[in-house]
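> Need coordinates for the below:
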Amino acid sequence: MTQLKTTSVVLLLLLLAGMAIVPYVSAEEGNEERGDTEVLEKLIDTNDIIDKNTITTDTAHKHATVMMAESLVNGRVNDDWHGAIINSEPLVINDINGKALFYQFSVEKDSKPIGLIKISANKILGISLQEIGDPSTFDPQQITLKAISIATKDYPEFTVSSSEIVCYNYPSIGVKIYLVNSNTREHKTVIYDAYDYSDVAFKKPTKEGESGAWSYLNEIPVSAYNERRDKWLNSDAYVNTVVETASGKGIDINRPRTIEQDQIIQNAITAAQKGVFEVGEIPGSFPTAYQGYTQWCQAGTALVITKFYKPDCLRTINDIRLKMNIPNEQSGADYTDEINYYKASYAGGAANGGLDKFYSWWSMTQPPLTYTKVKQEISAGRPMKIGQNGHARACIGFSKNPDGDKYFKFSDTGDARIKWLPSPTLYSDATGYESYAVIQ
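Sure, this is the predicted structure:
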């Protein structure tokens, strides 16, 4: 990794030096040169802004502790989380551009993990809480070692120079491997998915069931930086208010607490929140499952929704992917074939049957999926299929805090976990999701 960074810096300095001695040319002749310079200067400025807004792990840990307490107050997590603490050593999950993106903290009780919380590692992400839910289903060391082993076999003429855990297609996790050919000095970078170890292409997915890697940070427009940073600063002020209130009562939020101490913190949270917090979800324990292959998210989502409606159904994900006409491990379903599964006859639970939801329908963006629509479906006890960045999940809950930030609860077959994730669009009724299916 040191060699890569050093080489990159040297090349960048040489490029800048070259630009400095480019002679002046007329406007007509110089458009291309000045355009390249502007792009590079913008990139340098953007990286500088991102670096200056990186959050420390200590600050993130404080946010994680307060966000856990807030979720207890408002019902996003159950009472089993009372008395839990946040492990102070997070897993750093990087953006594929190499910048810290999330801090993943383990939530522990009686020295055992009971959940996880992801906190923003940069202020320009806006909101602080990026995920809260079930414990992690991967071991960072194990997936890194396996990814390195695969890379060594896939590229025998290269050696591994470094590796890092990355969020390559939000919220999908993988291992990014940096390789170098010691003879030619050629550099190569590959990403392997943390679950099926597929080699991920460097492109943004254009449809569900398609894999690809893209930079979350680079997708944020520079014009939104200030607004997002201000939003994070408001969250930070809220967190500090709660921490100071607890400290004034002699409570160290970093240590295990009694139920009475938790109540004091929760009272401080209630006092600090100005407005109404709403939350709703499908009651009971919603099924989870692992989809097996990155591209089988639609079939995986259909599997957990099927098991919700038909708990005794013995149908497998392979049965469902065949019903959806998914031909192989590298393919997803056509939207028509996907919705036809839900609408088809249950056929007594036969392998080639559907789900008897004859009035189901899907949409790409028209009409746009709104928070109001999700709330309507979940309140009626009907899970939805929601897709974003090429990945489908079963939506089973909704919440909105007094600031208007929207979160949705998912059964995600990408990692076989129940989790709360923020809406792509924070400030309006529109959710910003790319596709959805109403199952009726």
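
> CA only for contacts and neighbour counts going forward, please
Will do.

> what about the strands in the stretch 301-440 of the chain?
Listed in chain order, the strands found in the stretch 301-440 of the chain under DSSP state E, counting those that start in this stretch are 361-363, 384-388, 391-400, 406-412, 417-422, 435-438.

> Tell me which of the ones you listed lies nearest to residue 254.
Relative to residue 254, the nearest member of the strands of the stretch 301-440 of the chain by CA to CA is strand 417-422, separated by 22.9 Å.

> on contacts alone, who are the packing partners of the closest one?
Counting contacts by 3 or more CA pairs under 8 Å, 6 or more residues apart in numbering; DSSP states H and E, strand 417-422 packs against strand 129-133, strand 406-412.

> ok, residues contacting the shortest one?
Contacts with strand 129-133, where a contact means CA atoms under 8 Å, 6 or more residues apart in numbering, come from 63-64, 67-68, 77, 102, 115-120, 417-422.

> quick one: the helices in the stretch 151-300 of the chain?
Counting by DSSP state H, counting those that start in this stretch, the stretch 151-300 of the chain has these helices, from start to end: 225-248, 259-272, 297-309.

> now the angle between strand 384-388 and the last one, please.
Computed with axes from the mean of the first three to the mean of the last three CA atoms, to 10 degrees, the direction of helix 297-309 lies at 160 degrees from that of strand 384-388.

> the bottom helix or strand of this protein by mean pLDDT?
Lowest by mean pLDDT, DSSP states H and E among the helices and strands of the chain is helix 2-20, with a mean of 35.

> How about the secondary structure of residue 51?
Classification of residue 51 into helix, strand or coil gives helix, according to DSSP: H, G, I helix; E, B strand; the rest coil.

> Comparing the helices and strands packed on strand 417-422, which stretch has the densest surroundings?
Here the criterion is mean neighbour count by mean count of other CA atoms under 10 Å, and of the helices and strands packed on strand 417-422 the winner is strand 406-412, at a mean of 25.

> and that one, how far from the chain's centre?
Distance of strand 406-412 from the chain centroid (CA atoms, centre = their mean, to the nearest Å) equals 11 Å.

> With stretch 166-183 instead?
Stretch 166-183 sits 16 Å away from the centroid of its parent chain (CA atoms, centre = their mean).

> One more: stretch 49-58?
Centroid separation between stretch 49-58 and its chain, computed with CA atoms, centre = their mean, is 19 Å.

> contacts for it?
Defining contact as CA under 8 Å, 6+ apart, one finds that stretch 49-58 is touched by 88, 90, 99, 100, 103, 120, 121, 122, 123, 124.

> for that stretch, how far is the first residue from the last?
According to CA to CA, to the nearest Å, stretch 49-58 extends 21 Å from its N-terminal end residue to its C-terminal end residue.

> in it, what's buried?
Under the neighbour-count criterion of 16 or more other CA atoms under 10 Å, stretch 49-58 has 50, 53, 54, 55, 57 buried.

> re the thing from before, adding mean pLDDT and distance to residue 258, write the helices and strands packed on strand 417-422 out as JSON lines.
Formatted as JSON lines, the entries for the helices and strands packed on strand 417-422 read as follows, by pLDDT from 0 to 100; distance: least, CA to CA, whole Å:
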{"stretch": "strand 129-133", "mean pLDDT": "98", "distance to residue 258": "22"}
{"stretch": "strand 406-412", "mean pLDDT": "97", "distance to residue 258": "28"}
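
> and those strands as CSV, adding distance to residue 176?
CSV is the format used below for the helices and strands packed on strand 417-422 (distance: least, CA to CA, whole Å):
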stretch, distance to residue 176
strand 129-133, 21
strand 406-412, 22
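
> what's the pLDDT at the residue most central in space within the chain?
Centroid-nearest residue in the chain, with CA atoms, centre = their mean: residue 171, separated by 2.4 Å. Predicted confidence (pLDDT) for residue 171: 91.

> In space, what's closest to residue 258 - neighbours in sequence excluded?
residue 83 (6.2 Å; CA to CA, 6 or more residues apart in numbering).

> Show me what the closest residue to residue 436 other than its chain neighbours is bridged to.
For residue 436, the nearest residue in space outside its immediate sequence neighbours is residue 386; the separation is 4.3 Å by CA to CA, 6+ apart. Beta-bridge pairing of residue 386, defined through DSSP bridges, involves residue 393, residue 436.

> Could you measure from residue 386 over to residue 411?
Computed as CA to CA, the residue 386 to residue 411 distance reads 11 Å.

> Then residue 68?
20 Å.

> for residue 298, same thing?
12 Å.

> residues shared between the contacts of these two?
Applying CA under 8 Å, 6+ apart, one finds that residue 298 and residue 411 are jointly contacted by residue 393.

> Any regions of the chain where pLDDT drops low?
1-44 (pLDDT under 70).

> Got the domain ranges for it?
Each structural domain of the chain that the record assigns through automatic domain parsing is listed here as a residue range: 2-52, 55-272, 279-438.

> give me every residue that touches the nearest residue to residue 303 once chain neighbours are set aside.
Spatial nearest neighbour of residue 303, excluding adjacent residues (CA to CA, 6+ apart): residue 317 at 6.1 Å. Remark: with contacts taken as CA under 8 Å, 6+ apart, residue 317 is in contact with 291, 299, 300, 303.

> Many thanks, I have nothing further to ask.
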